[in-house]
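A.B. asks: The sequence and its predicted three-dimensional model are supplied below.
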There are 2 protein chains.
Amino acid sequence: MTKITLGLIGYGNVGRGVVNFLQKRKSFFKDKFNIEFELRAICDRSIKKKLPNGLEGTKRLTTDYKKVVNDPEIDVIIELIGGLSPARQIVLEALNKGKHIVTANKSLLAMHGKELFQEAQSCNRNIYYESAVMAGVPLIKMLTEGLAGNKFKSLYGIINGTCNYILTEMTQKDLNFGQALAAAQAKGFAESNPTLDINGMDSASKLAILVSLTMGKFISAQQVYTEGITQISHHDIEHAESLGLTIKLLGIAKKVNHEIEAHVHPTLISKKHALADVNGIENAIFVNANPMGDVLLCGDGAGQMTAASGVISDLFQLASRVGCPADQYLANIYREAPETKIRKIDDISTRFYIRFMAPDKIGILSKITGILSKHKISINSVTQKAHDNWASALPVIMLTDIAQEKMVRIALDKIHKSGIVKSKPVAIRMEELK
Amino acid sequence: MTKITLGLIGYGNVGRGVVNFLQKRKSFFKDKFNIEFELRAICDRSIKKKLPNGLEGTKRLTTDYKKVVNDPEIDVIIELIGGLSPARQIVLEALNKGKHIVTANKSLLAMHGKELFQEAQSCNRNIYYESAVMAGVPLIKMLTEGLAGNKFKSLYGIINGTCNYILTEMTQKDLNFGQALAAAQAKGFAESNPTLDINGMDSASKLAILVSLTMGKFISAQQVYTEGITQISHHDIEHAESLGLTIKLLGIAKKVNHEIEAHVHPTLISKKHALADVNGIENAIFVNANPMGDVLLCGDGAGQMTAASGVISDLFQLASRVGCPADQYLANIYREAPETKIRKIDDISTRFYIRFMAPDKIGILSKITGILSKHKISINSVTQKAHDNWASALPVIMLTDIAQEKMVRIALDKIHKSGIVKSKPVAIRMEELK
């Protein structure tokens, strides 16, 4: 019988889910896995309110994390308070007290991951973080264990359920952004303050963790070029649909030789691709590994018990390694290939969907294409749509061939300033997934 | 630096892929994972032919497996010869010599798994088998590690690429079975003798492994009720399509209280479900776990390097546990809940698609429905199709409500024998996936 003693810091929604899970499955864990988890301590700001009579079997309830971190009988600290401070301090102190860490704290890892994983190595301890990305969908273990030894060429993720729900509503019910956001909030799929979700920063944090893990360079969320979904119009979704495309907020990472691309933005993909069928709050990751090839993993990327499931799976992974030297490769998030560089967004080349609002006059199209071709942007297709929502101008939709980001930005800026078109052109990147 | 010494038994297609992988990534494994795998010995029936000049770095090339199994300096035996004998003997002897096992041998595990995993436990060694199901798609690690602690309620798998390719061709190109099989063989997606694929036995072996792993009872392939795809007509696929359904060969496992269902057969599912979009040789598994919920995993379930990827990932998992007591829960495939029973196919209840070939006469329908209702089979919908392929009879398609397998068999038999219909009624089970 393997016995692991736990200290839980942060008794919020997920924390309660973890405790619940541990209690309900105690005998199942013993019978099937020969493992016992003992929850020795819980630390929470308002623990007294939450646990007036304490918790059966839990020896210590405290508001002082140091009492948990310093308890010599605790093997593992489960950090579920979120945020950067005091989470960072807690993890550092716990590692130095010889504890392993299980955390669901994506912003902490996306900001301080390098420091924390290096500290973990020097303390010969591990940090487990399955629930930091896509909750309990076992993505981290798939990348670290399931595909161990592979090299990762590209990674496309729908890693924010709120945004995916909003875009799905806009697509399926022809709502505008505001209406869809309201629907998401009504269903509890969006916070009352949804900023970090809809501006893409939540996805950027998750992508930074995945890139650091798979592509040989630690990057922080700030190094991920990020656009949110607030600018997406349901008109563009409509036009896209008519072209056999759909719009998803994707976290995209690619490794080309010694350069890494990492960006989060609304992206047009073919409706035929499996990611196009990932709707509502569901999350998915589509990864290309060498030699394994393409693998798709989908599941519910948020919620109390799904997040708890990830935490519990971390505890099992940890338990299965009791008594062995910390397996370095699990902590290899920081192990860098020094020559690896991050490619600037300006230097990235991709296809674009561009919508111009043009007056219905002869010659406009030639002016636009003239400026585009000056900037080495060739047009793959053009559609001019009649649309009653626009009296004075008609939408002109262009799909470009592969063009350099910087040139597109400059060209669209020129076209806008020249006054040929009625409003700022809308550009949405396209990805051609196998 | 962790160093693991390997003995490879079976130098066929996958074996060569593994050796290739180990050689090409040697420095990558050292730099990134701090792990070195040394291939000390290769055993193959015709090793001399295959390796006239030996293999750089490999000390021993032999046709005698005992020389590999008895080598005290080998930590791990990779068994890739397939089949039951001498594979079973090799694994048993290797375990008793203190070796860990990595195998891709599904028929061995589906037939002798219980014995082998018990032997592994008594030898305090582990058997790793990622590539035994869906090749390198990390399904086994997802179930054992990624979702550790969850209870598995249901599992639906497209786990045979040959059958899925054939059904996809029949669906998309309106081919009959023979034509689609020929196409699969022309592309190398079907063996010249495809029996074990198309009769469902390959899927049954894989399902037996998955059930043993997830549902608390060891079952063998022989205990899985199995139907292949040879009886599927493209007419039924057409009718299904018109009803918003598609036909897949599914491996299905369910756990209800202390009973397990495990069956492999052509199954009608909604075209809206993600599994309906898994086409060609792709494999997929859709699992419902408590508390995690639904998880979908898709990828290429066959091929030299994808299988090699699974073997390598097993080596990494094993390497990460060097020096620790064998983690029992990995080997829990045989750890049974004694009260668990396997439900007989007769007792399973499900919805059915039934096609009768009926003469175009008044009263036929009432005779058919009369017999069905006598057997407690209620009809959900009926469509009568005109179809030029049938001169003397018209296809009558019925979708039943949930009905007991045994009653349906008896009723259809009566209807057939009564001579009301022109030919043996065709019945295909339906599954309603969330």
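C.D. replies: Arrived safely, thanks for sending.

A.B. asks: can we go C-alpha only for contacts and neighbour counts from here?
C.D. replies: Noted.

A.B. asks: Just the CA trace of stretch A:356-367, in CSV.
C.D. replies: Extracted in CSV, the C-alpha atoms of stretch A:356-367 (Å, rounded to 0.1, in the frame of the first residue of the first chain):
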residue,chain,number,x,y,z
PHE,A,356,-13.4,45.6,-47.3
MET,A,357,-16.5,47.8,-47.1
ALA,A,358,-16.3,49.4,-50.5
PRO,A,359,-18.6,51.9,-52.2
ASP,A,360,-20.4,50.3,-55.2
LYS,A,361,-18.3,52.1,-57.8
ILE,A,362,-16.3,51.0,-60.8
GLY,A,363,-12.6,50.8,-60.4
ILE,A,364,-12.5,50.3,-56.6
LEU,A,365,-11.5,46.7,-56.9
SER,A,366,-8.5,47.5,-59.2
LYS,A,367,-7.3,50.2,-56.8
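
A.B. asks: pLDDT of it, averaged?
C.D. replies: For stretch A:356-367, mean pLDDT rounds to 87.

A.B. asks: One more: stretch A:301-310?
C.D. replies: pLDDT averaged over stretch A:301-310 gives 94.

A.B. asks: Same question for stretch A:401-421.
C.D. replies: Mean predicted lDDT for stretch A:401-421 stands at 96.

A.B. asks: which residues does A:Met357 contact?
C.D. replies: By CA atoms under 8 Å, 6 or more residues apart in numbering or on different chains, A:Met357 lies in contact with A:393-396, A:421-423, A:425.

A.B. asks: can I assume it sits in a strand?
C.D. replies: Yes: counting by DSSP: H, G, I helix; E, B strand; the rest coil, A:Met357 is located in a strand.

A.B. asks: how about the nearest residue to it, chain neighbours excluded?
C.D. replies: What sits nearest to A:Met357 in space, not counting adjacent residues and going by CA to CA, 6 or more residues apart in numbering or on different chains, is A:Pro395, at 4.6 Å.

A.B. asks: Tell me how far the most far-flung residue of chain A relative to its centre lies from A:Ser423.
C.D. replies: Centroid-distance maximum for chain A: A:Ile362 at 45.3 Å, with CA atoms, centre = their mean. As judged by CA to CA, to the nearest Å, A:Ile362 and A:Ser423 stand 18 Å apart.

A.B. asks: got the phi/psi numbers for the closest residue to A:Pro72 other than its chain neighbours?
C.D. replies: Leaving aside its sequence neighbours, A:Pro72 sits nearest to A:Lys97 (CA to CA, 6+ apart; 8.0 Å). Taking degrees, to the nearest 10, you get phi -90, psi 10 for the backbone angles of A:Lys97.

A.B. asks: Hmm, A:Lys97 is touching A:Lys67, no?
C.D. replies: No: applying CA atoms under 8 Å, one finds A:Lys97 not in contact with A:Lys67, separated by 11.8 Å.

A.B. asks: pretty sure A:Val311 is in a strand, no?
C.D. replies: No: A:Val311 is assigned helix when assessed by three-state DSSP, not a strand.

A.B. asks: ok now do it, which residues does it touch?
C.D. replies: If you count contacts by CA under 8 Å, 6+ apart, A:Val311 has them with A:18, A:102-104, A:129-131, A:136.

A.B. asks: Run through those and flag the ones next to chain B.
C.D. replies: A:Gly136 (CA under 8 Å from any CA of the partner chain).

A.B. asks: For the contacts of A:Val311, pick the one with the most neighbours.
C.D. replies: Counting neighbours by other CA atoms under 10 Å in any protein chain shown, the top entry in these is A:Gly136, with 34 neighbours.

A.B. asks: Look at that one and report its pLDDT.
C.D. replies: Looking at A:Gly136, the pLDDT reads 97.

A.B. asks: Got the domain ranges for chain A?
C.D. replies: Split into domains by automatic domain parsing, chain A comes to A:2-137+A:305-332, A:139-301, A:346-430.

A.B. asks: Next, the distance between the ends of the second one.
C.D. replies: What that stands for is domain A:139-301. Counting by CA to CA, you get 10 Å between the two ends of domain A:139-301.

A.B. asks: Any part of it near chain B?
C.D. replies: Yes: Domain A:139-301 comes into contact with chain B (CA under 8 Å from any CA), by way of A:139, A:141-142, A:145-150, A:274, A:277, A:291-300.

A.B. asks: quick one: contacts for the closest residue to A:Glu339 other than its chain neighbours?
C.D. replies: Spatial nearest neighbour of A:Glu339, excluding adjacent residues (CA to CA, 6+ apart): A:His258 at 6.5 Å. Contacts here follow CA under 8 Å, 6+ apart; on that basis A:His258 touches A:339-341.

A.B. asks: Select from those residues the one having the most neighbours.
C.D. replies: In the contacts of A:His258, the most neighbours by other CA under 10 Å go to A:Thr340, 17 neighbours.

A.B. asks: contacting residues around that one?
C.D. replies: Listed by CA under 8 Å, 6+ apart, the contact partners of A:Thr340 are A:216-217, A:258-260.

A.B. asks: do the same with A:Lys3
C.D. replies: Neighbouring residues of A:Lys3 by CA under 8 Å, 6+ apart: A:35-38, A:319.

A.B. asks: For those residues, give me JSON lines that also has neighbour count and distance to chain B.
C.D. replies: Shown next, in JSON lines, are the contacts of A:Lys3 (neighbours: other CA atoms under 10 Å in any protein chain shown; distance: CA to the nearest CA, whole Å):
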{"residue": "A:Ile35", "neighbour count": "22", "distance to chain B": "9"}
{"residue": "A:Glu36", "neighbour count": "21", "distance to chain B": "12"}
{"residue": "A:Phe37", "neighbour count": "19", "distance to chain B": "12"}
{"residue": "A:Glu38", "neighbour count": "19", "distance to chain B": "15"}
{"residue": "A:Ala319", "neighbour count": "20", "distance to chain B": "8"}
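
A.B. asks: For chain A, give me the ranges with low pLDDT.
C.D. replies: A:50-54, A:56-57, A:325-334, A:386-391 (pLDDT under 70).

A.B. asks: go with 80
C.D. replies: Low-confidence segments of chain A (pLDDT under 80): A:48-59, A:322-338, A:360-362, A:385-392, A:434.

A.B. asks: Packing partners of the host helix or strand of A:Gln23?
C.D. replies: Per DSSP states H and E: A:Gln23 is located in helix A:13-24. Contact partners of helix A:13-24 among helices and strands, from 3 or more CA pairs under 8 Å, 6 or more residues apart in numbering or on different chains; DSSP states H and E: helix A:304-319.

A.B. asks: I'd like the next helix or strand past the helix it packs on.
C.D. replies: Following helix A:304-319 in sequence, per DSSP H and E, is strand A:341-342.

A.B. asks: partners of that following strand, with directions?
C.D. replies: strand A:259-270 (parallel) (DSSP bridges).

A.B. asks: Dump the following helix or strand past the strand it pairs with to PDB, restricted to CA.
C.D. replies: Once the chain leaves strand A:259-270, the next helix or strand it forms, by DSSP H and E, is strand A:282-290. Taking Å, rounded to 0.1, in the frame of the first residue of the first chain, the C-alpha atoms of strand A:282-290 are listed here in PDB:
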ATOM      1  CA  GLU A 282     -15.700  21.900 -25.400                       C
ATOM      2  CA  ASN A 283     -12.000  22.200 -25.700                       C
ATOM      3  CA  ALA A 284      -9.700  20.400 -28.200                       C
ATOM      4  CA  ILE A 285      -6.100  20.100 -29.200                       C
ATOM      5  CA  PHE A 286      -4.800  18.900 -32.500                       C
ATOM      6  CA  VAL A 287      -1.100  18.100 -32.500                       C
ATOM      7  CA  ASN A 288       1.300  17.000 -35.100                       C
ATOM      8  CA  ALA A 289       4.100  14.900 -33.700                       C
ATOM      9  CA  ASN A 290       7.000  13.200 -35.500                       C
END
